[in-house]
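Engineer: Just need the structure, nothing else, for what follows:
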Amino acid sequence: MGAVLGLCSMASWIPCLCGSAPCLLCRCCPSGNNSTVTRLIYAFFLLLGVGIACIMLMPGMEEQLKKIPGFCEGGLGVEGHINCDVLVGYKAVYRVCFGMAMFFLLFSLLMIKVRSSQDPRAALHNGFWFFKFAAAAAITIGSFFISEGPFTTVWFYVGMAGAFCFILIQLVLLIDFAHSWNESWVEKMEEGNSRCWYAALLSVTAVNYLLSLVSLVLFYIYYTHSDGCTENKVFISINMLLCIAASVMSILPQIQESQPRSGLLQSSLVTLYTMYLTWSAMTNEPDRKCNPSLLGIIGLNSTSPAGQDHLVQWWDAQGIVGLILFLMCVLYSSIRNSSNAQVNKLTLTSDESALIEDGPQADSFEEGSSPNRAVDNEKDGVTYSYSFFHFMLFLASLYIMMTLTNWYSPDSNYEAMTSKWPSVWVKISSTWICIALYVWTLVAPLVLVNRDFD
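Structural biologist: Numbering: from 1, shown residues only. You can find the predicted model right below:
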């Protein structure tokens, strides 16, 4: 009897699986806006794919993956030349992320120029979840049967370019978050109890700069040597000087006059993020003397067995921090409610989104509807670009692919998994572009005097 009731309960969800986000939300979540709920569901899709990709690298999975035709036997004939246990996990992550990327890229193309929820394509974006889940699963499973050929090599460079773009998007969202954070605390300072909020603002800023300073010291100690590692010395020194210059620029009288809300909180977050990117770049340097493992630094693994440098381990320190930043970025992009005009233009978000997403209005609910039902708040216009949101998830899929494989690629003979200099230069160049973007947000009102940046 219990099983029958359970089946009936599950059957009642079938219309919701084929319907829209409000239907999915109505039974288990508080009231919310359709635009936010839809983005959260897509974020769940992406996170589910990330979990599957992580499982592909877990011990024991290689035996199952070897059963897939062409993965380790035949194809390029790599069996016997490389640790097949490593290669199949590496290739499986590429296949899973390829499936996710193609799914989101397809929707990015389908959703170009959708203006409101009245567009027929909006129904596909906001509903039919069961069919979309089935389509994503089918694309991912089918990708495992793609013949090897140049696929892995080509997809590595595509992933590197996409990850580079996603790093820049992370910075845009970080600046947006910092501006929103700073504005919120400054407003509370002006409303009352200013000393408390001023102390909190100062403390957070000081902690960010302190962590950045500690990172610099550790970089010079462990990633440079007196008789070598010249590239690391140059990377660390240049980024340190650039961060100092950006921080000083943020508090100049001319900048403060044009942007009273800019300050050291935003600069401290950008500095800390730059230190992370610098560290991430140095962990991909091919020379192991200039790129010690975290276990080696803390003394738990001072010597590495011969031939083990090529192993792909997604759970290393750099990968874990990258995953955390990735999760924060995806979730924030799904629920963000920004009034920053510059950021809204960069992310193709409408200026009205902040007003629309403040919360559902009482008269927006249909009469007799469930109190826990999402509201269609996009009848008059979308609050974010559907196409750009899917394109961002496409780039996120590539970023997570590169993060889980530590930006490694097989060498020309498929005899080892190695770090290469292109990965280092992509990450380092992203630090310079990130700082340049932040500096531009500071000086833009002074350069483009005829533009409104409020």
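
Engineer: State the distance from the residue lying closest to Ser247 once chain neighbours are set aside to Leu277.
Structural biologist: Counting by CB to CB, 6 or more residues apart in numbering, Ser267 is the residue found nearest to Ser247 once chain neighbours are left out, at 4.2 Å. In short, each C-beta sits where N, CA and C put it, glycine included. Computed with CB to CB, to the nearest Å, the distance linking Ser267 and Leu277 is 15 Å.

Engineer: what does Lys132 give?
Structural biologist: For Lys132, the distance to Leu277 (CB to CB) stands at 34 Å.

Engineer: Who has more neighbours out of the two?
Structural biologist: Leu277 (24 against 18; other CB atoms under 10 Å).

Engineer: Help me confirm that the more buried one is found in a helix?
Structural biologist: Yes - according to DSSP: H, G, I helix; E, B strand; the rest coil, Leu277 belongs to a helix.

Engineer: contacting residues for the closest residue to it other than its chain neighbours?
Structural biologist: Nearest non-adjacent residue to Leu277, counting by CB to CB, 6+ apart: Thr431, 4.5 Å away. Contact analysis of Thr431 by CB atoms under 8 Å, 6 or more residues apart in numbering lists 239, 274, 277-278, 281.

Engineer: Met189 is in contact with Tyr198, isn't it?
Structural biologist: Yes - counting by CB atoms under 8 Å, Tyr198 is a contact partner of Met189 at 5.8 Å.

Engineer: Which pair in the contacts of Thr431 has the greatest spatial separation?
Structural biologist: The largest separation in the contacts of Thr431, counting by CB to CB, is between Thr274 and Ala281 at 10.6 Å.

Engineer: quick one on the thing from earlier: sec struct for the residue nearest to Leu277, please.
Structural biologist: Classification of Thr431 by three-state DSSP places it in helix.

Engineer: Local confidence estimate at it?
Structural biologist: For Thr431, the model assigns a pLDDT of 90.

Engineer: List the contacts of Ala92.
Structural biologist: 53, 56-57, 61, 65, 71, 144.

Engineer: Please tell me which one of these counts the most neighbours.
Structural biologist: Ranking these using other CB under 10 Å puts Ala53 first, with 26 neighbours.

Engineer: and that one, that one's in a helix?
Structural biologist: Yes - under three-state DSSP, Ala53 sits within a helix.

Engineer: can I assume it is in contact with Leu404?
Structural biologist: Yes - using CB under 8 Å, Ala53 is in contact with Leu404, at 5.6 Å.

Engineer: so what's in contact with these two at the same time?
Structural biologist: 93, 97.

Engineer: Give me the neighbour count for the residue lying closest to Tyr273 once chain neighbours are set aside.
Structural biologist: Nearest residue to Tyr273 in three dimensions, chain neighbours excluded: Leu174, at 5.8 Å (CB to CB, 6+ apart). Counted with other CB under 10 Å, the neighbours of Leu174 add up to 21.

Engineer: cool, the one 5 residues further on as well?
Structural biologist: His179 has 23 neighbouring residues, counting by other CB under 10 Å.

Engineer: and it, what helix or strand is that in?
Structural biologist: Under the criterion of DSSP states H and E, His179 resides in helix 151-191.

Engineer: next helix or strand past that helix?
Structural biologist: helix 194-222.

Engineer: circling back to that earlier point, got the angle between the helix holding His179 and helix 194-222?
Structural biologist: With axes from the mean of the first three to the mean of the last three CA atoms, to 10 degrees defining the directions, helix 151-191 sits at 150 degrees from helix 194-222.

Engineer: Show me what helix 151-191 is packed up against.
Structural biologist: helix 84-110, helix 194-222, helix 264-282, helix 317-335, helix 341-346, helix 386-404, strand 409-410, helix 421-447 (3 or more CB pairs under 8 Å, 6 or more residues apart in numbering; DSSP states H and E).

Engineer: any idea which of those is most buried?
Structural biologist: helix 386-404 (a mean of 25; mean count of other CB atoms under 10 Å).

Engineer: Could I get the CA-only coordinates of it as PDB?
Structural biologist: Taking C-alpha atoms only, helix 386-404 is exported to PDB below (Å, rounded to 0.1, in the frame of the first residue of the first chain):
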ATOM      1  CA  TYR A 386      18.800  34.100 -21.300                       C
ATOM      2  CA  SER A 387      21.400  33.700 -24.000                       C
ATOM      3  CA  PHE A 388      24.300  35.200 -22.000                       C
ATOM      4  CA  PHE A 389      23.400  33.200 -18.900                       C
ATOM      5  CA  HIS A 390      23.600  30.000 -20.800                       C
ATOM      6  CA  PHE A 391      26.800  31.100 -22.500                       C
ATOM      7  CA  MET A 392      28.300  31.800 -19.000                       C
ATOM      8  CA  LEU A 393      27.300  28.200 -18.000                       C
ATOM      9  CA  PHE A 394      29.000  27.000 -21.200                       C
ATOM     10  CA  LEU A 395      32.200  28.800 -20.100                       C
ATOM     11  CA  ALA A 396      31.800  27.500 -16.600                       C
ATOM     12  CA  SER A 397      31.700  23.900 -17.900                       C
ATOM     13  CA  LEU A 398      35.000  24.500 -19.700                       C
ATOM     14  CA  TYR A 399      36.500  26.100 -16.500                       C
ATOM     15  CA  ILE A 400      35.500  23.200 -14.300                       C
ATOM     16  CA  MET A 401      36.900  20.800 -16.900                       C
ATOM     17  CA  MET A 402      40.300  22.500 -16.800                       C
ATOM     18  CA  THR A 403      40.200  22.800 -13.000                       C
ATOM     19  CA  LEU A 404      39.500  19.100 -12.400                       C
END
